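In: here is a sequence with its predicted model. Questions after.
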Amino acid sequence: QAGKRAVRREGIRKGRQLSSLLTAGPACGKTTLLSQLVKLALEGPLIPILVKVQTLQKRLINYPDAFASSWNWIDAFLRLEHGAEAPYYLMLRQAMMARRALILVDGLDEAGTVRDQIETHVAEVLTPQGHVLLATSRPAGDERVDRDKIHIRALRVFSIVYDACRPTPRLGSASRAMIF
C-alpha cells in the first residue's frame, strides 16, 4: 500500500500537474473567480464543469451507491444532476473522458462530514486520472490536502481591494483635528 502511494506520488511529481487548490479568506473572490473562469473557458478548448461542494455533499450523502459505482464522483454528480440519458450530461461526460473538461470545485472547506472523503477523491482519483482541476477552499481548509498531489496557491490579488474597502472606525472631530 505504502509502496503504491510512493510510486503514484513520484509519477505525479514527474508528470504535468493539472490540479490546484486556491485558498483565500472569506469574501475574497474565490467563487467570483470561478465564475469568470467558466466564462473564459467557454471561449477555449476546455468545457467548464462547476461543482458546488455543498451540493456535492448532499448528493454524496443521499445517493452513496451512485458514487460508489461511478468512475469518478464528478461523473456521478453530473449524472444525478442532469439524468443519465440527458444530452447535456452525455456531452459533459464525453468531455471528461477526453480530458477536455475544466473541473472547478468550489468550497472544499464546506463539505461538512464528507470533507475527508471528497478531498481524498480529488487527490487520489481525479488528479491521477489527469483532469484539469481547480478547487477552492478557505485557508483553514488546506492543511489536510496532500501537497505532493495538488498544488496549493494562495489568492492574494483581492486582498489589496479588500484592504482598501475594509470598513474603518470613524474618527471623532477631536481625533480628526489631531491628524490634520
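Out: That came through fine.
In: for the chain, what are the low-confidence residue spans?
Out: 1-17, 140-180 (pLDDT under 70).
In: now do the strands in it.
Out: 19-23, 47-52, 101-106, 132-137, 151-154 (DSSP state E).
In: tell me which of those sits nearest to Glu85.
Out: Between Glu85 and those, the shortest gap by Cβ to Cβ is with strand 47-52, which sits at 18.4 Å. Every residue, glycine included, has its C-beta placed from N, CA and C.
In: for that closest one, which positions count as buried?
Out: By 16 or more other Cβ atoms under 10 Å, the buried positions in strand 47-52 come out as 47-49, 51-52.
In: then stretch 89-108?
Out: Buried residues in stretch 89-108, counted by 16+ other Cβ under 10 Å: 89, 92-93, 95-96, 101-108.
In: also stretch 118-134?
Out: 118-119, 121-123, 126-127, 129, 131-134.
In: among the residues you listed, name the ones in helices.
Out: Judged by DSSP state H, helices contain the following of the buried residues of stretch 118-134: 118-119, 121.
In: format those as CSV; extra columns: distance to Gly29.
Out: CSV is the format used below for these (distance: Cβ to Cβ, whole Å):
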residue, distance to Gly29
Ile118, 22
Glu119, 22
His121, 26
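In: His82 is nearest to which of the strands of the chain?
Out: Judged by Cβ to Cβ, the one of the strands of the chain that comes nearest to His82 is strand 47-52, at 11.1 Å.
In: any chance you could list what contacts that closest one?
Out: 34-35, 37-38, 41-42, 74, 77-78, 91-92, 95-96, 100-107 (Cβ atoms under 8 Å, 6 or more residues apart in numbering).
In: distance check, Pro139 against Thr55.
Out: In this view, Pro139 and Thr55 are 23 Å apart by Cβ to Cβ, to the nearest Å.
In: can you pull the contacts of the closest residue to Gly130 other than its chain neighbours?
Out: Setting aside the residues directly before and after it, Gly130 is nearest to Arg99 in space (Cβ to Cβ, 6 or more residues apart in numbering), at 5.5 Å. By Cβ under 8 Å, 6+ apart, the residues touching Arg99 are 130-132.
In: closest to Gly25 out of those?
Out: Among these, Val132 lies closest to Gly25 (Cβ to Cβ), at 25.3 Å.
In: phi first, then psi, for Ala111.
Out: Main-chain torsions, Ala111, degrees, to the nearest 10: phi -80, psi -10.
In: how about residues contacting stretch 38-46?
Out: Defining contact as Cβ under 8 Å, 6+ apart, one finds that stretch 38-46 is touched by 47-48, 50, 95, 100-102, 104, 132.
In: JSON lines for the strands of the chain, including distance to Gly29?
Out: Below are the strands of the chain laid out as JSON lines (distance: least, Cβ to Cβ, whole Å):
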{"stretch": "strand 19-23", "distance to Gly29": "10"}
{"stretch": "strand 47-52", "distance to Gly29": "15"}
{"stretch": "strand 101-106", "distance to Gly29": "12"}
{"stretch": "strand 132-137", "distance to Gly29": "10"}
{"stretch": "strand 151-154", "distance to Gly29": "13"}
